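K.L.:
predicted model follows, preceded by the sequence.
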Amino acid sequence: MGRSNVESEAIGNASVASQSLNNRISLLGGAGGGLSSGIVIGLAALALATPVVLRSNSVKAPTLRAALEMMLTLFALAAAWLLRAQFTSSRRLRDLQLLAAALVLGLINLAVGALPAALNLHGGAYFGGGQLWGTLFTAAMFAAAAFMPAEWLVAPRRHPVAIIVGLSLAGLGVAGVGGLTAGMHGAADGLAITSARPLLVALVVAGTALLLYAAAGFGQRQRAEDDHVAGLLAIAMILLAAGSFAGLLGGELAPGRLGASEAVLTLAFTLILAAAVVRERQVHVRISRATALAERRRVARDLHDGIAQDLAFIAAHGPRFADELGDDHPVVVAARRALALSRSTISELSDPDGATVQESLQAVAQELGERFGVSIAVNAKLDRDLSAHEREHVTRITREAIANAARHGGARNVMVSLRQLGAGVSLRVVDDGCGIAGSGLAPAPEGFGLRSMRERAAAVGGQLNVRQPRQGGTELEVVLP
């Protein structure tokens, strides 16, 4: 059991570190633990007013500006890299959208901010205009991530890498074409945006509005889901909006200068990176708990299949031993105690106190993912946790569905989702394997595994449905009352 002790200690350390970060973040949301509308409006007003008050306090420092732009780019790219863990774990579309938004933010800042500053390029009109169009595109992506429903998932057969690459190229294309448009509309190098054509003013206003809209969405998510990371992102969106709004002030297209807008943007990028770090640690804690729970269940199975069977055999001959040796004989008493203790230990290892249904499903995904070499994403969100009886059947059904997908369907990706469905609960297991259909349109004969899942679903008053989507694979759904 030394390995389990080490895992428990690692989980405890990770949990303490994550809780410490979450406690610090919760202070940003006030005593109520959420960003109220008044706090959001106050922060927005303060952030937007800061560049106005400090607009004349700017200095010309090309080298420092280049270093700062490169640092902001690295912050955004690092945030995107860390956010991939959350999407891999959940397969939620909004997590993919947030990852892509952070990546596009970094790439656009690299293309129209860091590289021009490092190369001492003085095309203020082109790069400044490209920054405005890129900000508008990125703001739209953040707004979409903020308001996208949590129930929208990326199907196993979809290629998230292709989606991210497509959005990144689209963002860079918008910034590039936008830079040319800004040049054609008369924005001279080093002039304020307000001295250019009204189109640029409209871009700044639209980008600022979208970022504030995204901030409202993340703030609403924090209140609804008690998600402190969303609160961090809400504040970051407000600061990004302030940086965008600074473009309406004089001299913002001038290269090589540092002012209030750069300070505000630095804080915004820092908060985005902090949010990604916290989210990655939360995922790490969930995976660690799932790994430990899977290990506990493996030990329980080994005990059940090994020493517990021998003890049960000894206990089965207990009456004969009792007749020959007496009920109080140490051998008889020891056999009964050992059997009772082994059963109690197996029960505790298999279903530890405090394990939620999401942790149980994560443990199954961790175990079967390593055994079959498949990628398994678990996304569970319920208003209440299931009872121990329901949790056991849901976990067994999920285990059987994943094993069937890997063994018989040749699946490489499996997605498990557990959602509230009115007053009931819906469990869906979707894979990208070869499906369950036999020749033609006739379904393949129902095997023992599928019958077992139907019986388990019926045992908790549910119904199991299996279908093959048109794009392939298998979709299994269990609806519990």
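P.N.:
Done, it's in.

K.L.:
and the nearest residue to S261 once chain neighbours are set aside, how many neighbours?
P.N.:
Distance criterion Cβ to Cβ, 6 or more residues apart in numbering; nearest residue to S261, sequence neighbours excluded, is A246 at 3.4 Å. (Glycine included, C-beta is placed from N, CA and C.) Number of residues near A246 (other Cβ atoms under 10 Å) recorded here: 27.

K.L.:
repeat that for A423.
P.N.:
Here the number of neighbours of A423 (other Cβ under 10 Å) works out to 8.

K.L.:
report pLDDT for it.
P.N.:
What the model reports as pLDDT for A423 is 75.

K.L.:
quote the end-to-end distance of stretch 461-476.
P.N.:
When the termini of stretch 461-476 are compared using Cα to Cα, to the nearest Å, they are 17 Å apart.

K.L.:
strands of this structure, start to end?
P.N.:
Under the criterion DSSP state E, the chain contains strands at 59-60, 257-258, 375-381, 413-421, 424-431, 463-467, 474-480.

K.L.:
ok, which of these comes nearest L115?
P.N.:
Using Cβ to Cβ as the measure, strand 257-258 is the one of the strands of the chain that comes nearest L115, at 17.2 Å.

K.L.:
can you tell me how far R399 is from A365?
P.N.:
Counting by Cβ to Cβ, to the nearest Å, the separation of R399 from A365 is 9 Å.

K.L.:
residues contacting G113?
P.N.:
By Cβ atoms under 8 Å, 6 or more residues apart in numbering, the contact set of G113 is 69, 72-73, 127, 131.

K.L.:
residue ranges with poor pLDDT in the stretch 1-150 of the chain?
P.N.:
Scanning the stretch 1-150 of the chain for pLDDT under 70 picks out 1-59, 61, 122-125.

K.L.:
domain parsing for this protein?
P.N.:
Listed by automatic domain parsing, the domain ranges of the chain are 2-288, 374-480.

K.L.:
can you give me the end-to-end span of the shortest one?
P.N.:
Taking Cα to Cα, the first and last residues of domain 374-480 lie 27 Å apart.

K.L.:
rewinding a little: between R399 and A365, which one's more packed in?
P.N.:
Between R399 and A365, counted using other Cβ under 10 Å, the more crowded position is A365 (24 against 19).

K.L.:
what sits against that one?
P.N.:
Neighbouring residues of A365 by Cβ under 8 Å, 6+ apart: 290, 376-378, 402, 414, 416.

K.L.:
again, 10 Å this time
P.N.:
Under the criterion of Cβ atoms under 10 Å, 6 or more residues apart in numbering, the contact list for A365 reads 89, 287, 290, 294, 374-378, 398-399, 402, 414, 416.

K.L.:
and if you look at A411?
P.N.:
156, 372, 374-376, 402, 404-405, 430-435, 473-474.

K.L.:
against S375, how distant is it?
P.N.:
Counting by Cβ to Cβ, the gap from A411 to S375 is 9 Å.

K.L.:
what is in contact with those two at once?
P.N.:
Counting by Cβ under 10 Å, 6+ apart, the shared contacts of A411 and S375 are 156, 432.

K.L.:
among the contacts of G113, which one has the most neighbours?
P.N.:
Ranked by neighbour count (other Cβ under 10 Å), these have Q131 at the top, with 27 neighbours.

K.L.:
what about I163, neighbour count?
P.N.:
Here the count is done by other Cβ under 10 Å, and I163 has 16 residues near it.

K.L.:
OK, contacts around the residue nearest to L153 when sequence neighbours are not counted?
P.N.:
Excluding the flanking residues, the one nearest L153 by Cβ to Cβ, 6+ apart is R91, at 5.2 Å. Neighbouring residues of R91 by Cβ under 10 Å, 6+ apart: 152-156, 158, 160, 375-379, 413-417, 430.

K.L.:
check L233 too.
P.N.:
Residues near L233 by Cβ under 10 Å, 6+ apart: 98, 101-102, 142, 145-146, 214-215, 217-219, 221-222, 227, 271-272, 274-276, 279.

K.L.:
recalculate using a threshold of 7 Å.
P.N.:
Listed by Cβ atoms under 7 Å, 6 or more residues apart in numbering, the contact partners of L233 are 218, 272, 275.

K.L.:
again with R412
P.N.:
374-375, 432.

K.L.:
which of these has the most neighbours?
P.N.:
Within those, most neighbours by other Cβ under 10 Å means D432, with 24 neighbours.

K.L.:
you'd agree it is up against Q471?
P.N.:
No. Counting by Cβ atoms under 7 Å, D432 does not reach Q471; the two are 8.7 Å apart.

K.L.:
residues in contact with the nearest residue to L210 once chain neighbours are set aside?
P.N.:
In this structure, L210 finds its nearest non-sequential neighbour in A139, 3.6 Å apart by Cβ to Cβ, 6+ apart. By Cβ under 7 Å, 6+ apart, the residues touching A139 are 207, 210-211, 214.

K.L.:
and for D383, the neighbour number?
P.N.:
7.

K.L.:
show me where the stretch 301-450 of the chain has its helices.
P.N.:
Under the criterion DSSP state H, counting those that start in this stretch, the stretch 301-450 of the chain carries helices at the ranges 307-316, 318-325, 330-350, 357-372, 388-407, 448-459.

K.L.:
re earlier: including distance to T356, could the domains of the chain go into JSON lines?
P.N.:
Compiled in JSON lines, the domains of the chain are given as follows (distance: least, Cβ to Cβ, whole Å):
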{"stretch": "domain 2-288", "distance to T356": "10"}
{"stretch": "domain 374-480", "distance to T356": "5"}
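
K.L.:
picking up where we left off before, sitting in helices, which of the contacts of G113 do you find?
P.N.:
Of the contacts of G113, the ones assigned to helices by DSSP state H are 69, 72-73, 127, 131.

K.L.:
got these as a markdown table, with distance to A234 columns?
P.N.:
Output for the ones in helices among the contacts of G113, formatted as a markdown table (distance: Cβ to Cβ, whole Å):
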| residue | distance to A234 |
| --- | --- |
| E69 | 25 |
| L72 | 19 |
| T73 | 23 |
| F127 | 29 |
| Q131 | 23 |
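
K.L.:
may I have the phi/psi pair for N120?
P.N.:
phi 60, psi 40 (degrees, to the nearest 10).

K.L.:
can you pull the contacts of it?
P.N.:
Neighbours of N120 in contact, by Cβ under 7 Å, 6+ apart: P62.

K.L.:
next one: A85
P.N.:
Per Cβ under 7 Å, 6+ apart, neighbours of A85: 280, 283.

K.L.:
which of the contacts of A139 has the weakest pLDDT?
P.N.:
Across the set of the contacts of A139, G207 stands lowest in pLDDT, at 90.

K.L.:
from V201, how far out is it?
P.N.:
Distance of G207 to V201, computed by Cβ to Cβ: 11 Å.

K.L.:
more neighbours, those two?
P.N.:
Neighbour tally, G207 and V201, criterion other Cβ under 10 Å: the higher count belongs to G207, 26 against 15.

K.L.:
does the more buried one really touch F137, like I thought?
P.N.:
No. Counting by Cβ under 7 Å, G207 does not reach F137; the two are 8.8 Å apart.

K.L.:
shared neighbours of these two, which are they?
P.N.:
Common neighbours of G207 and F137 (Cβ under 7 Å, 6+ apart) do not exist.

K.L.:
identify the residue nearest L267 in space, chain neighbours excluded?
P.N.:
Nearest non-adjacent residue to L267, counting by Cβ to Cβ, 6+ apart: L239, 5.4 Å away.

K.L.:
I figured that neighbour hits T266, correct?
P.N.:
No. Using Cβ under 7 Å as the test, L239 is too far from T266 to be in contact (9.0 Å).

K.L.:
great, nothing more from me.
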